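> Pasting the sequence and the predicted coordinates here, then a few questions.
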Amino acid sequence: MKRFMKTMLVALAITALASISAIAGDKAKVEKKMVTFTEDTMVNGTLVKKGDYEVRFDDSTGELSVMKDGKVKAKTTAHYEARSDKAKSTAIRTVDAGSNVELKGITFGGSDQDVIVGARGSVSGTQ
């Protein structure tokens, strides 16, 4: 009986640790920061007015969301690209596309990767 209880206790401990690891792993895949769009910007065909927004990138789904007051204003696909060094601050990357400005990516401060708009392996113009 004593051996059975020890085995059950060890099994329970392992299960608890695995659960904590899984929960912590999921949270680590979502990066979010407050950013300021200094001009009206197109995000995947949706116009985002200049102002303060929360930007979230979920690596597991490849989805970049622009949110204001808890509501999603725009979504697009994105992926990570390696940087040569860690970013000193959070920065938005845009490109002037004629009559409007388009979001091309975001760099989260302290990260060694850039978030680039578009599916991995997609071809786009120079940035």
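Received the coordinates, thanks. Numbering: from 1, shown residues only.
> which residues touch stretch 42-51?
The contact list for stretch 42-51 (Cβ atoms under 8 Å, 6 or more residues apart in numbering) reads 36-41, 66, 68, 73-77, 97, 100-103, 117. For the C-beta atoms, the positions are set from N, CA and C on the backbone; glycine is no exception.
> mind listing which of those residues are in strands?
36-37, 41, 66, 68, 73-77, 97, 100-103, 117 (DSSP state E).
> Check the closest residue to Asp58 other than its chain neighbours and give its pLDDT.
In space, Asp58 comes closest to Val30 once its chain neighbours are excluded; the distance is 4.9 Å by Cβ to Cβ, 6 or more residues apart in numbering. Predicted confidence (pLDDT) for Val30: 89.
> Report the contact partners of Val30.
56-59.
> Which ChimeraX command selects the buried ones in those?
Command for ChimeraX, covering only those of those found buried under the criterion 16 or more other Cβ atoms under 10 Å:
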select :56,57
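> Looking at the contacts of Val30, which is nearest Ile14?
Nearest to Ile14 out of those is Asp59 (Cβ to Cβ; 27.0 Å).
> wait, doesn't Asp58 sit right on Lys75?
No - using Cβ atoms under 8 Å, Asp58 is not in contact with Lys75; the gap is 10.2 Å.
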